[in-house]
Each structure stands twice: as C-alpha cells, then as structure tokens.
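> Everything below, folded, please.
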Amino acid sequence: MSQLKPLWKTTIGDYVTVLDWSDDCLAIASAAGEVILQYADQAIVLRAADGQSIDCLAFSHDHQFLASGSQNSQVNIWSVPTATLITPTVVKTLEYPRHWIDRLAWHPQQNQLAFSLGKQVQVWDVTTDQAGAQLNFAGSSVMDLAWHPAGLYLAVSGYLGTKLWRSDDWLTAPQILEVPSASAKVGWSTDGRYFASGNLDRMITLVETEQWEKPWAMRGFPGKIRCLAWSDNFAGSDTQLLAVSSQEGIAVWHYVAAQENWDCQVLQQHTDSVQAIAFQPGTSLLASTASDGQIALWQDGQLLQTLSENSAAGACLAWSQDATQLAVGRQNGQIEVFAIG
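Got it, this is the predicted structure:
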C-alpha cells in the first residue's frame, strides 16, 4: 500500500502559492513575491520578496525555462540551470502596467507561453522572442486557461463559459462552451479526448473534444468548484479519472461506457476547504490538502493515509516528474517533501 514518508522541509517568507517540479529541482513561489529553485543541495533565489504576490509559476515542457506571473504586472522568464548552464539567467521580463497576471500555461510541445492580461490572453513565443497572438475573451477577466495536450487548442475561461481557439489559426472565431455562470477551473484529460469546466454555479460541465455541442452537466456540489485534476491513463487501461473539489469534499468521476455516462465516488475526510488535488503521474493515486492542515492519499475511492501532525493550512501540492515525491506548500510558508513508497 502506498504511503508518504517525510524527506525534507523548509520555510519561506509567506503563503506558498505555487509549486512545480523539473527533473531535478522544485520551483517555489510565494505571496510575498519570492521565486526559488530548491535543489537537493542548495536553494537558488530567482526573485526576492517584494510584497507582490506570485500567483502562477510553471516550467516549460522541456524544463529549459521557468515562467512566473505577478501582482506587479510582470511576466518573468528564466533559463533554468543545466549541465552547460551553471546559473539561471533572465531571458525576458514582460511589463504590462495595471495588470495582475495570475494565470499562465506553457504549450505542451513548444516554448510558447500563454498568460492572462485582464480580459485578454497573450501568447508569447520564447524561441522567436515575439508575441504569437493576442486573444480577446471580452466577457470578463480571464479566470483560467489550458492547452490541449497536443497543443491543438487553447481554452480560455471566464464569465458565461469557455472559448476554444485553434493554435494553428488564431484568427478564426473560437468555439464556445456556454455555462450560465462562470467557468473558474478548466482542464483537458491527458489524452485530449475530454474537456472539463468547473463552474461557480456548483456544476461541472464536461464535453468530448470532438462533440463540443453535447456537454454533460454534473450538478449538486455544495459550493463553487475550487480544484480540478485529471489522471493519466493507468495500468494499461484507457480509463481516466476526473477529480474535483468543492468546499471540504472531493468527487472522482469515471466514464461508464455501457451507460454512456459518468459515475461518481465522493471522498470525505477533510473538515475544511480542499485547496489542492493532484493524481500521481501514471496511476490512480490521488493526493489532497486542505485548510484543515491534513494531507490525504486516496485510491479507488478508499482513503489510504492521512497526515495530520501539521495543523498549518494547506495551500498547494505537486508530484515530481518521476512520481516518487510529493511536495506540499502551506499557507504559513512551510514546504514539505515526501517520498512515496
């Protein structure tokens, strides 16, 4: 049975907002404005605290670059240390006055970065050092964005739904997945077959990529959808799981072919709002953390382990690329890393 075992921990100056892994280091961002690369033997500070929150942080698909978006209206892009690059270097600093940049996502196969600018999304090509496209969501500020796993589409969500642009023809009018409220969290299944939208009206909208006009609607959640995560295909199966959280509960959905519909299991352990969920790469093992301070491991609808020794509220979590470690960030600035075994 899979269990988490403590490896190491550290503390930064404020609320841990984002964690992301490359092959050999953990990137950490904070509400104080810090960006740190944590290696096994050292920590490299890329950005010192300035009181301006970093709300989005991610490595490029090849781990060559790290990008962050900030309350201070900047997008920062660094080259990450490699065998030939000893220290990180700033590749680009993009300034967008009066914009709080809180959403970004890398193209899954190219070094193109999409990020929110109020009601618009900018796509920046790091290789050519040029803007690739500027997309107008128009209806509201952008609430989330996500690339199709093959890079075919970019989904941008906000008030009244999600707009889907083709990456090979940005000028063509986007497809629209309408919802009666707002799409706050969106994500593609890892094979690109399904797209899910977590909405502010306590509902999940789920659609097949090739049948955008025929969505499923999952209702009955106790509050807005805070988190959304897809599993990989696992154990030679074509099954993928969709996990979502609302208040202190988690629901895991899977498609039942015989019924041509989705079935749900509800996971209950947390006593306060779930802040982050993520599947271990390549498996159905789900990790969660919440404002109650607990870290939980789940598999096939069963609770495998709960860690509750640390009462500090959870904030975020991330699995390592090789699926052997789990990093958890807390609202008091603590970061804990666990081995899974």
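
> Flag the shaky bits of the stretch 151-300 of the chain, pLDDT-wise.
234-238 (pLDDT under 70).

> And the strands in the stretch 151-300 of the chain?
Per DSSP state E, counting those that start in this stretch, the stretch 151-300 of the chain carries strands over the ranges 153-166, 175-188, 194-199, 204-208, 216-218, 227-230, 241-246, 249-256, 261-267, 274-279, 286-290, 295-299.

> Mind putting these into CSV with mean neighbour count?
Bear in mind the C-beta positions are built from the backbone N, C-alpha and C, glycine included. Shown next, in CSV, are the strands of the stretch 151-300 of the chain (neighbours: other CB atoms under 10 Å):
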stretch, mean neighbour count
strand 153-166, 22
strand 175-188, 19
strand 194-199, 25
strand 204-208, 21
strand 216-218, 16
strand 227-230, 20
strand 241-246, 23
strand 249-256, 18
strand 261-267, 13
strand 274-279, 23
strand 286-290, 25
strand 295-299, 22
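
> Turn those into CSV, columns for distance to residue 340.
Converted to CSV, these look like this (distance: least, CB to CB, whole Å):
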stretch, distance to residue 340
strand 153-166, 31
strand 175-188, 23
strand 194-199, 26
strand 204-208, 28
strand 216-218, 30
strand 227-230, 17
strand 241-246, 17
strand 249-256, 19
strand 261-267, 18
strand 274-279, 12
strand 286-290, 9
strand 295-299, 8
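
> what pLDDT does residue 25 get?
On the pLDDT scale, residue 25 is placed at 93.

> you'd agree it is up against residue 41?
No - with contact defined as CB atoms under 8 Å, residue 25 and residue 41 do not form a contacting pair (10.4 Å).

> So what's the gap between stretch 294-305 and the chain middle?
20 Å (CA atoms, centre = their mean, to the nearest Å).

> Over to stretch 69-77?
Distance, centroid of stretch 69-77 to centroid of chain: 17 Å (CA atoms, centre = their mean).

> how near is residue 160 to residue 201?
11 Å (CB to CB, to the nearest Å).

> Let me fix that, I meant to ask about residue 330.
30 Å.

> Look at these two and report which has more neighbours.
Taking neighbours as other CB atoms under 10 Å, residue 330 and residue 201 compare with residue 330 leading, 24 against 15.

> got the contact list for that one?
Going by CB atoms under 8 Å, 6 or more residues apart in numbering, residue 330 touches 16, 293, 310, 312-315, 336.

> Turn the residues you listed into TSV, columns for secondary structure and neighbour count.
Formatted as TSV, the contacts of residue 330 follow (DSSP: H, G, I helix; E, B strand; the rest coil; neighbours: other CB atoms under 10 Å):
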residue	secondary structure	neighbour count
16	strand	26
293	coil	20
310	coil	16
312	coil	13
313	coil	18
314	strand	28
315	strand	25
336	strand	23
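
> Go through those residues and name the one nearest residue 321.
residue 336 (18.3 Å; CB to CB).

> Can you tell me how far residue 241 is from residue 319?
Applying CB to CB to residue 241 and residue 319 gives a distance of 15 Å.

> same thing with residue 290?
17 Å.

> ditto for residue 261
29 Å.

> neighbours of residue 109, just the number please.
12.

> whoops, I mixed them up, residue 128
Other residues close to residue 128 by other CB under 10 Å number 10.

> got the contact list for it?
With CB under 8 Å, 6+ apart, residue 128 has no contacts at all.

> what about it, distance to residue 307?
Between residue 128 and residue 307 the computed distance is 46 Å (CB to CB).

> what do you get for residue 272?
Computed as CB to CB, the residue 272 to residue 307 distance reads 15 Å.

> The two: who's more crowded?
Comparing residue 272 with residue 307 by neighbour count (other CB under 10 Å), the higher total belongs to residue 307, at 17 against 14.

> neighbour-wise, which of residue 25 and residue 41 wins?
residue 25 (22 against 5).

> The more buried one and residue 318: what is the separation?
Distance from residue 25 to residue 318, by CB to CB: 12 Å.

> hang on, the earlier thing: please identify which of the contacts of residue 330 is nearest to residue 145.
Among those, residue 315 lies closest to residue 145 (CB to CB), at 21.0 Å.

> list the contacts for that closest one?
Counted by CB under 8 Å, 6+ apart, residue 315 has contacts 15-17, 275-276, 289, 329-331.

> go again using 7 Å as the cut-off
Going by CB atoms under 7 Å, 6 or more residues apart in numbering, residue 315 touches 15-17, 275, 329-331.

> Quick one: the residues you listed as CSV, columns for distance to residue 195 and secondary structure too.
CSV is the format used below for the contacts of residue 315 (distance: CB to CB, whole Å; DSSP: H, G, I helix; E, B strand; the rest coil):
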residue, distance to residue 195, secondary structure
15, 30, coil
16, 29, strand
17, 26, strand
275, 23, strand
329, 27, strand
330, 31, strand
331, 31, coil
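
> Redo these as JSON lines? Include distance to residue 301.
Formatted as JSON lines, the contacts of residue 315 follow (distance: CB to CB, whole Å):
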{"residue": "15", "distance to residue 301": "31"}
{"residue": "16", "distance to residue 301": "29"}
{"residue": "17", "distance to residue 301": "30"}
{"residue": "275", "distance to residue 301": "21"}
{"residue": "329", "distance to residue 301": "26"}
{"residue": "330", "distance to residue 301": "27"}
{"residue": "331", "distance to residue 301": "28"}
